[in-house]
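Okay, here's the prediction I keep looking at, along with the sequence it came from:
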Amino acid sequence: MGPGAQSKVTTKFENCTFITGSELDAQEKKPLVQEEIRLDVATPEEVVRVMAAYRRAEVAGLPMAPEQPIVVRPEPDRPQPRRDRMTGRGMSTVVGRVRAEPLFGDCGVKFVTLAHNTIRGAAGGSLLNAEVIFKVFMIGN
């Protein structure tokens, strides 16, 4: 990929579109990755179902990859840092309090997320990235 090059992968899942895009930053010479989920119908129940079913084939079976990357909690007081931070060995994102948000119209939904900053965000995330790179570029070719 040359400077400023962009690539996008679009995956359809029922009435949802998952878009993973990467772009090479010409100044930093580093890849920038962005992930976006678009729902054609966004009710709280639909959002919960889609998040709970979300998986990425690229990370399946890797040592640092959680079995379930997004864990949705139904309790009204979750997620809580003390109780939920180590979900999926600290590599899962916990979502809770999914509810309708009238401010955004008929399809507005809001929710609370929790992820372990040092495990998912730094150390574990770096190890998972290295595992994905190894799997895709070393084994995949």
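Thanks, I have the structure now. Numbers count the residues shown, from 1 in each chain.

show me where this structure has helices.
Ranges of helices within the chain are 44-53, 81-84, 124-133, based on DSSP state H.

which ones are touching the nearest residue to Met86 once chain neighbours are set aside?
Closest residue to Met86 apart from its sequence neighbours, by C-beta to C-beta, 6 or more residues apart in numbering: His116 at 7.0 Å. (C-beta placed from N, C-alpha, C; glycine too.) Taking C-beta atoms under 8 Å, 6 or more residues apart in numbering, we find His116 in contact with Arg85, Met86, Gly90, Met91, Gly124.

ok, back up a step: would you mind finding the most buried of the helices of the chain?
Sort these by mean neighbour count, taking mean count of other C-beta atoms under 10 Å, and helix 44-53 sits at the top with a mean of 17.

and it, what does it pack onto?
strand 30-39, strand 70-73, strand 93-100, strand 109-114 (3 or more C-beta pairs under 8 Å, 6 or more residues apart in numbering; DSSP states H and E).

ok, of the ones you listed, where does mean pLDDT dip lowest?
Per-stretch mean pLDDT for the helices and strands packed on helix 44-53 is lowest at strand 30-39 (a mean of 50).

follow-up on the earlier one: distance of the residue nearest to Met86 from Asn129?
16 Å (C-beta to C-beta, to the nearest Å).
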